[in-house]
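any chance you can model this:
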Amino acid sequence: MSDAEPIAYSGPRRILSGIQASGALHLGNYLGALKRFTALQDSGAPCFLFVADMHAITVWQDPEKLAAQTREIAAAYIASGLDPAKSVIFPQSAVRAHADLAWVFNCVARLGWLDRMTQFKEKSGKHKERASVGLYTYPVLQAADILLYKATEVPVGEDQKQHLELTRDIAAKFNNDFGVPGFFPLPDPLIQGPATRVMSLRDGQAKMSKSDPSDQSRINLTDDADAIAGKIRKSKTDMGVMPEPGEALDDRPEVKNLIAIYAALSDQTREQVTAEFAGQGFGVFKPKLAELAVSSLAPVTAEMRRLMDDPAEIDRVLQSGAERAAEIADPVVDEVKKIVGFWRA
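Residues are numbered from 1 along each chain as shown. Got it, this is the predicted structure:
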């Protein structure tokens, strides 16, 4: 067997990511995803940004609400600055190639690989036998989402790095098993910015989440100015003051989180923020953070509400995006079927 390096993918750069259609969006989604997507659409590579409604149903979703949640995610994409003329915005389920490629990848991926996925263990808890098969295999669907468009870069949070590694493993195994070196790329993660993982306002060691029973733990993108300011004012800190630049904050997770939020909203580094507020009390810092959050999110909230009042406009964007996505995805699946040996007339 040759020890030569495998042939690298030589196709164009493409960026892809998505957000699950499973409930209200919050500040963590905005800073960890939406704000970053907007910056990437002018990076010189086409961006494919989908609403992950197929992933959403790995846990029970009210069918009457799912379509509305899909429109809400799309509205958030647009309100955050994504231009449907530049970026392809579409619902995952509207492009049937996602499901087609996922089945092929189910037959390429190995059980041992999926057994190592920590998110399934976290989400299924102590009763994994009650979890859906979809929840177990959704990292394979995620791989199909990415490789269907031959995406070379994927904006991910720290908690999704393991799934991207699985995607790379599946791509490499497919290329090797079927003797098509370089057919699928091995996508790279894009992890950037000071707040890629935003934590709860009530617990700095827990991720900000729409499933948290306390609404005070998160800032929803639909919150008005008073709600945003109130939640920041009541956010958990400690009895100390704002740290000095370079000071370790591992034992002050809530303070670390608020500094990261301020840095991300103001496009500064954490060091710049601590230099500005070093030694001051939270009675000074929190009002400044509240003012910044309100001014940053108010335009997004207003545009989201406008779009949600005109679902026909959102549907036009999603339909057009699905057609553009299928133009890329369908030929890839056709080629995969030929490579695998499926019957073709």
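
tell me the gap between stretch 142-150 and the middle of its chain.
With C-alpha atoms, centre = their mean, to the nearest Å as the basis, stretch 142-150 stands 14 Å off its chain's centre.

residue 227 should be in a helix, yeah?
Yes. Counting by DSSP: H, G, I helix; E, B strand; the rest coil, residue 227 is part of a helix.

which stretches in the protein count as strands?
Along the chain, counting by DSSP state E, strands occupy 15-20, 47-52, 88-91, 153-155, 188-190.

could I get those strands in CSV, plus columns for mean neighbour count and mean pLDDT?
For glycine as for every other residue, the C-beta is placed from the backbone atoms N, C-alpha and C. CSV is the format used below for the strands of the chain (neighbours: other C-beta atoms under 10 Å; pLDDT from 0 to 100):
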stretch, mean neighbour count, mean pLDDT
strand 15-20, 23, 93
strand 47-52, 26, 96
strand 88-91, 25, 98
strand 153-155, 22, 93
strand 188-190, 16, 90
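
take those strands and lay them out in TSV including distance to residue 167.
Below are these laid out as TSV (distance: least, C-beta to C-beta, whole Å):
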stretch	distance to residue 167
strand 15-20	11
strand 47-52	14
strand 88-91	19
strand 153-155	8
strand 188-190	10
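
with respect to residue 125, which of these lies nearest?
strand 15-20 (18.6 Å; C-beta to C-beta).

now that closest one against strand 47-52, angle please.
20 degrees (axes from the mean of the first three to the mean of the last three C-alpha atoms, to 10 degrees).

just the CA trace of strand 15-20, in CSV.
Extracted C-alpha coordinates of strand 15-20, given in CSV (Å, rounded to 0.1, in the frame of the first residue of the first chain):
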residue,chain,number,x,y,z
ILE,A,15,-19.3,27.9,3.5
LEU,A,16,-22.3,26.1,5.0
SER,A,17,-24.1,26.2,8.4
GLY,A,18,-27.6,25.9,9.8
ILE,A,19,-29.7,26.5,12.9
GLN,A,20,-32.4,24.1,14.2
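
now that strand: how far from the chain's centre is it?
Counting by C-alpha atoms, centre = their mean, strand 15-20 comes out at 5 Å from the chain centroid.

so what does that strand touch, helix or strand wise?
strand 47-52, helix 53-56, helix 63-79, helix 133-147, strand 153-155 (3 or more C-beta pairs under 8 Å, 6 or more residues apart in numbering; DSSP states H and E).

quick check: angle from that strand to helix 133-147?
150 degrees.

where does the protein dip in pLDDT?
1-6, 158-159, 192-196 (pLDDT under 70).

same thing but 80
In the predicted model, the chain carries pLDDT under 80 at residues 1-6, 23-24, 119, 121-128, 156-160, 191-196.

contact partners for residue 311?
residue 71 (C-beta atoms under 8 Å, 6 or more residues apart in numbering).
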